[in-house]
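K.L.:
would you be able to build a 3D model of this:
(one chain, ligands or ions: 1)
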Amino acid sequence: MKFKEVNIKTLASTNASASILIVYTGGTFGMVYDDKGTLVPFDFGKIRENIPLLKRFNLKLTVISFSDPIDSSNISPDNWIDIGTIILDNYQQYDGFVILHGTDTMAFTASALSYMLDNLGKPVIFTGAQLPLGAMRSDARENLYTALEIASTKKNERPLVQEVCIFFNSLLLRGNRSKKVRSSHFGAFKSENYPILAQAGVIIDFNEPALLKPRLDNRKLKLNTHFDDSITLIKLYPNINETMLERMLTIPGLRGVVMETYGSGNAPTDPWFVNCLSKAIQKGIIIFNVSQCVGGKVIQGRYATSKQLEDIGVVSGNDITTEAALTKLMFVLGDENSIEKVKKKLILPISGEMN
Ligand code: ASP
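P.N.:
Numbering: from 1, shown residues only. Reported below is the predicted structural model:
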């Protein structure tokens, strides 16, 4: 059995203000100390004992748990498809979805889901924790409670948030704009190139103009599950050498590269470097240029050190994050064979991941 389903009896079982499906995939969130003092994933069947306050929510709550919860460092497109399929199968029955996920790759999964869930008209809120539920100062409960509240917030009878987000440590961020920037602070995520969607204090203050425009039509949710993993990531560093670059660009079957460049999209101008990239592009390999900076954007041609990239046909990633770029490249290549069409799709936003 791949998944387990648990219904949580809340006080509001008969008259709930909203119904929320929690999908538990694993990560630090769901760990408790066993009798030997070791952190182990807890059985989500016992969620009520571990988070007793849940029963006081005025919500109908159901949990679908991965039978084998994973550390998110082991995530793969198959897991993204599992999460997407759970949402698709349960879409009509729930007002919103909260996905409990490890923080390490949360930004990748949230980006992937934002592309996969076409016509999404309900909130899909990812959250997790830096300290496990079983630890005294854990951030797990606060993150979950607020994520549930956000997922159940409505305006004019419709969900206020209709996109894939990450909620963490009081901030609601667009999932495909987020980055894990800290491994030991509670404020683990940042969205440098896009405004915060909501800030949770005494009230949850939504930045409504920044949210994706609400869907007023009732178009059917569609799940796209195509990913092509024949891509790689090349991060530039001073003294990167020809042999290394050449080897990476001639990996058999390679179809695309996310290239992390300096500053606003700059790279060496040495002829060997430009030739290597140019040869790859002529063979049909897509090179997608993203910046190593956490904020700002690629502007090919701004400096002489990026003009050569524009000239040979490197695709500008504008202000996209590496996480959103890698998942987008896999997603677009999974659906498209024509190189020209892939290039066109890469520069157009699918779900608010770039300007
Ligand atoms: N390694 C863990 C994970 O990503 C860390 C976390 O949950 O925060 O699954």
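
K.L.:
check contacts around the residue of the stretch 101-250 of the chain found nearest the ligand.
P.N.:
Nearest residue of the stretch 101-250 of the chain to the ligand (CB to the nearest ligand atom) works out as Gly102 at 1.9 Å. C-beta: built from backbone N, CA, C; applies to glycine. Listed by CB atoms under 8 Å, 6 or more residues apart in numbering, the contact set of Gly102 reads 25-29, 70-73, 75, 128.

K.L.:
tell me the centre residue of the chain?
P.N.:
Ala110 (2.0 Å; CA atoms, centre = their mean).

K.L.:
what's the closest non-adjacent residue to that one?
P.N.:
Excluding the flanking residues, the one nearest Ala110 by CB to CB, 6 or more residues apart in numbering is Gly175, at 2.8 Å.

K.L.:
try Ala210
P.N.:
Pro195 is the one closest to Ala210 (CB to CB, 6+ apart), at 4.5 Å.

K.L.:
next one: Ser184
P.N.:
Gln130 (7.3 Å).

K.L.:
give me the buried stretch members for whichever strand or helix holds Ala107, please.
P.N.:
Here Ala107 sits within helix 106-116, counting by DSSP states H and E. Buried residues in helix 106-116, counted by 16 or more other CB atoms under 10 Å: 106-116.

K.L.:
check which helices and strands it sits against.
P.N.:
helix 77-90, strand 124-127, strand 164-168, strand 179-180, helix 322-335 (3 or more CB pairs under 8 Å, 6 or more residues apart in numbering; DSSP states H and E).

K.L.:
related to what we said a few turns ago, and the buried residues of helix 106-116, which is closest to Leu249?
P.N.:
Phe108 (23.2 Å; CB to CB).

K.L.:
excluding chain neighbours, what is closest to the closest one?
P.N.:
The shortest distance from Phe108 to any residue other than its chain neighbours is 4.9 Å, reached at Glu323 (CB to CB, 6+ apart).

K.L.:
so that neighbour touches Val181, yeah?
P.N.:
No: using CB atoms under 8 Å, Glu323 is not in contact with Val181, being 11.4 Å away.

K.L.:
can you give me the separation between the residue nearest to the centre of the chain and Thr327?
P.N.:
9 Å (CB to CB, to the nearest Å).

K.L.:
okay, and the common contacts of these two?
P.N.:
Listed as contacting both Ala110 and Thr327 by CB under 8 Å, 6+ apart are Asn176.

K.L.:
what about the residue in the stretch 251-355 of the chain positioned nearest to the ligand, neighbour count?
P.N.:
Of all residues in the stretch 251-355 of the chain, Glu323 sits closest to the ligand, at 13.3 Å by CB to the nearest ligand atom. By other CB atoms under 10 Å, the residues close to Glu323 number 25.
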